[in-house]
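Peer 1: kindly return the folded structure for what I paste below:
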Amino acid sequence: MSRPTPPDDRVITRRQVGAQIRRLPEHHHLTQLDVCRRSGIDVAIHSRIEQGHSSPFLDTLIRIADAIGVPRRDLVE
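Peer 2: Here you go, the predicted structure:
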């Protein structure tokens, strides 16, 4: 059984959060692999979040923000 397609505004928000997750580590001189190692998140899952293809749990977003060293709100602004 396939999942229903999320509304456009949710897809846009996912992509915006993913873009922040992709952009913020660069300012801290971190690679995607650095963030994955620090957060304990699989690279493939992290990549899907960055691309907006996956909706992360709140705990996952907290781990990513902590791994990057930014306030959690910075991921969703």
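Peer 1: how about the nearest residue to I64 once chain neighbours are set aside, what does it touch?
Peer 2: Computed as C-beta to C-beta, 6 or more residues apart in numbering, the closest residue to I64 that is not its neighbour in sequence is S39, at 5.4 Å. All C-beta atoms are positioned from the backbone trio N, CA, C, and that covers glycine. For S39, the contact set (C-beta atoms under 8 Å, 6 or more residues apart in numbering) comprises H46, T60, R63, I64, D66, A67.
Peer 1: pull out the buried residues from those residues.
Peer 2: By neighbour count, with 16 or more other C-beta atoms under 10 Å, those hold H46, T60, R63, I64, A67 as buried.
Peer 1: tell me the mean pLDDT over whichever helix or strand the second one is part of?
Peer 2: Spelled out, it's T60. If you go by DSSP states H and E, T60 is part of helix 58-68. Here helix 58-68 scores 96 as its mean pLDDT.
Peer 1: show residues contacting the longest helix along the chain.
Peer 2: With secondary structure taken from DSSP state H, the chain has its longest helix at helix 8-27. If you take C-beta under 8 Å, 6+ apart as the criterion, helix 8-27 is touched by 6, 31-32, 34-35, 46, 49-55, 61, 64, 68, 70, 74-77.
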